[in-house]
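Visitor: Sharing a sequence plus its predicted fold:
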Amino acid sequence: GKDVTLPEGFAAVDQALLTDPQTSGGLLVSCDPAIANDVITLFNREGFESAAVVGRMEAGAGRLVVV
């Protein structure tokens, strides 16, 4: 919503794919950074070989910038 900033000229189809719950649901998992490697190992063991750390949470005003 209002806290997401997309690049100028971002295609409507790409926005739809990025924000559609059918394509974006269940893709992100948050956990304590101290156990991130354990979580990745578990995902890999369960067949999700592409699991990776993609970011971190920080205190502050909520917003998301797509680049």
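Guide: That came through fine.

Visitor: Now do V4 against F10, distance only.
Guide: If you measure V4 against F10 using Cβ to Cβ, to the nearest Å, the figure is 10 Å. C-beta: built from backbone N, CA, C; applies to glycine.

Visitor: which residues do those two both contact?
Guide: In terms of Cβ atoms under 8 Å, 6 or more residues apart in numbering, V4 and F10 are both contacted by the residues V66.

Visitor: could you give the mean pLDDT of the strand or helix carrying L18?
Guide: Using DSSP states H and E, L18 maps to helix 12-19. The average pLDDT within helix 12-19 is 82.

Visitor: which residues touch V29?
Guide: Taking Cβ under 8 Å, 6+ apart as the contact definition, V29 lies against V39.

Visitor: if we can go back for a sec, can you give the distance of the helix holding L18 from its chain's centre?
Guide: Its chain's C-alpha centre and that of helix 12-19 lie 14 Å apart, by Cα atoms, centre = their mean, to the nearest Å.

Visitor: Kindly report the same for stretch 13-32.
Guide: Stretch 13-32 has its C-alpha centroid displaced from the chain centroid by 7 Å (Cα atoms, centre = their mean).

Visitor: end to end, how far does it reach?
Guide: 34 Å (Cα to Cα, to the nearest Å).

Visitor: now do stretch 19-37
Guide: Distances were taken as Cα to Cα; on that basis the terminal residues of stretch 19-37 are 27 Å apart.

Visitor: Tell me how many other residues crowd A51.
Guide: Using other Cβ atoms under 10 Å, A51 has 15 other residues around it.
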